[in-house]
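Participant: no sequence on this one, just coordinates:
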DNA sequence: CTAGTGAGTTCCAAGTTGGAACTCAATGGT
DNA sequence: ACCATTGAGTTCCAACTTGGAACTCACTAG
């Protein structure tokens, strides 16, 4: 059957995963941050099949991550550029870079670093709590029902307290 | 043909995308943070096919995101739990939550919020630069060759300066 | 002796992937 | 005028993946 879609699940993670849940999409976004914008350039740099690239770009445009902008008429040509939403998604890529630094490559052997485009200063992404500036401690962060959670409080309680309350039952 | 693998590309984004580049994987990680750990519980909460779940869990164990731990012998039973690496990956989920807040749901209508497990305080994830604490401005962040970039400086320069230097050519 | 639970495996039709070849339109030599 | 090239795709097809349903196996509870 067709792969499941997640774009209507009431969950930011599900919907983001629906957008980025194909490895080519982060790759294309990465290329965009370098300034790549033309079909053949994507195709050659990523060694992606032209048909695959074609469907991916179309989907990303439809989803609002990229926009397709003509830059010349007579041989009709266009470029693909990041939208604000697409730029927003690159922060997820930044989190991936950090994850890679921490868990996928040896200390100091990362192939890529992030830099400030203007000053060239190295940037080390880290996910913190906006209010306190404290780094999030993954083991201590739990999703909970938010204002847009469908179905009311009882459902929320059921959903977020799986049958096994075997670990922490207080409160 | 089989989907391309990215787990040997010299790039943190590519390798992370290889791990998370299937929407089920973020979903399973999300469930783990709620405390879900048993096969059937994943299966029912996500409505994922048992065969798919089976292969995903096995792959995630192999990749070191989860560990499979027996918790009883006689009917042999086990649970799946996040490893340190798995917990690290949840920071990417936190970035997805933020992206969803900013671009996928109306202000104040997000289905999910993150909370401190102990205090219950709401946490708003944001990606900042570790050194300055300044939020990353996506439009101003560019990937560049890092210490582990293969192939030396000339290759790096070629790679990170696509043919079109049409936008910013200084420095 | 029957029903139920946990944890999978097997089966299969329908859908997706990716490499190669093909199209089309316009421009650049020669 | 003719041929090659570039940009941007489409078309084709065999191999592989997905997911729903049914099946297995090992115990436990009634």
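Facilitator: In hand now; what should we look at? Quick caveat: nothing in here was measured; it's all calculated off a predicted structure. Residues are numbered from 1 along each chain as shown, chains lettered A, B, ... in the order given.
Participant: list the contacts for residue A:150?
Facilitator: Contacts here follow C-beta atoms under 8 Å, 6 or more residues apart in numbering or on different chains; on that basis residue A:150 touches A:10, B:111. C-beta here means a position set from N, CA and C on the backbone, and glycine is covered the same way.
Participant: so for residue A:164, what's the pLDDT?
Facilitator: The model reports residue A:164 with a pLDDT of 50.
Participant: so the residue of chain A positioned farthest from its centre: helix, strand or coil?
Facilitator: In chain A, residue A:74 marks the outermost C-alpha relative to the chain mean, sitting 35.5 Å out by C-alpha atoms, centre = their mean. When classified by DSSP: H, G, I helix; E, B strand; the rest coil, residue A:74 comes out as coil.
Participant: what of residue A:114?
Facilitator: strand.
Participant: that one and residue A:87, how far apart?
Facilitator: Going from residue A:114 to residue A:87 by C-beta to C-beta, to the nearest Å gives 14 Å.
Participant: picking that back up, now the residue farthest from the centre of chain A: phi and psi?
Facilitator: With angles defined as degrees, to the nearest 10, residue A:74 sits at phi -70, psi -50.
Participant: ok, residue A:68 next?
Facilitator: phi -110, psi 120.
Participant: isn't it right next to residue A:82, touching?
Facilitator: No: counting by C-beta atoms under 8 Å, residue A:82 is not a contact partner of residue A:68; they are 11.8 Å apart.
Participant: so between the two, which is more surrounded?
Facilitator: Using other C-beta atoms under 10 Å in any protein chain shown as the criterion, residue A:68 and residue A:82 rank with residue A:82 on top: 21 against 13.
Participant: list the contacts for that one?
Facilitator: Residue A:82 makes contacts with A:29, A:32, A:33, A:65, A:66, A:90, as judged by C-beta under 8 Å, 6+ apart.
Participant: so the closest residue to the fourth one other than its chain neighbours is in which element?
Facilitator: Same thing as residue A:65. Among residues not flanking residue A:65 along the chain, residue A:86 sits closest, at 4.1 Å (C-beta to C-beta, 6 or more residues apart in numbering or on different chains). According to DSSP states H and E, residue A:86 maps onto helix A:84-99.
Participant: contact residues of chain A facing DNA strand C?
Facilitator: Residues of chain A lying close to DNA strand C (C-beta under 7 Å from any atom of the strand) are A:1-3, A:22, A:24, A:47-52, A:55, A:74-75.
Participant: re earlier: need the contacts of residue A:82 in CSV (columns: pLDDT).
Facilitator: CSV is the format used below for the contacts of residue A:82 (pLDDT from 0 to 100):
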residue, pLDDT
A:29, 98
A:32, 97
A:33, 96
A:65, 98
A:66, 98
A:90, 98
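Participant: by neighbour count, which of those residues wins?
Facilitator: Within these, most neighbours by other C-beta under 10 Å means residue A:90, with 28 neighbours.
Participant: that residue and DNA strand C: what is the separation?
Facilitator: 22 Å (C-beta to the nearest atom of the strand, to the nearest Å).
Participant: so what's that residue up against?
Facilitator: Applying C-beta under 8 Å, 6+ apart to residue A:90 gives the contacts A:29, A:32, A:33, A:82, B:138, B:141.
Participant: out of those, which is nearest to residue B:10?
Facilitator: For those, the minimum distance to residue B:10 (C-beta to C-beta) is 16.7 Å, reached by residue A:33.
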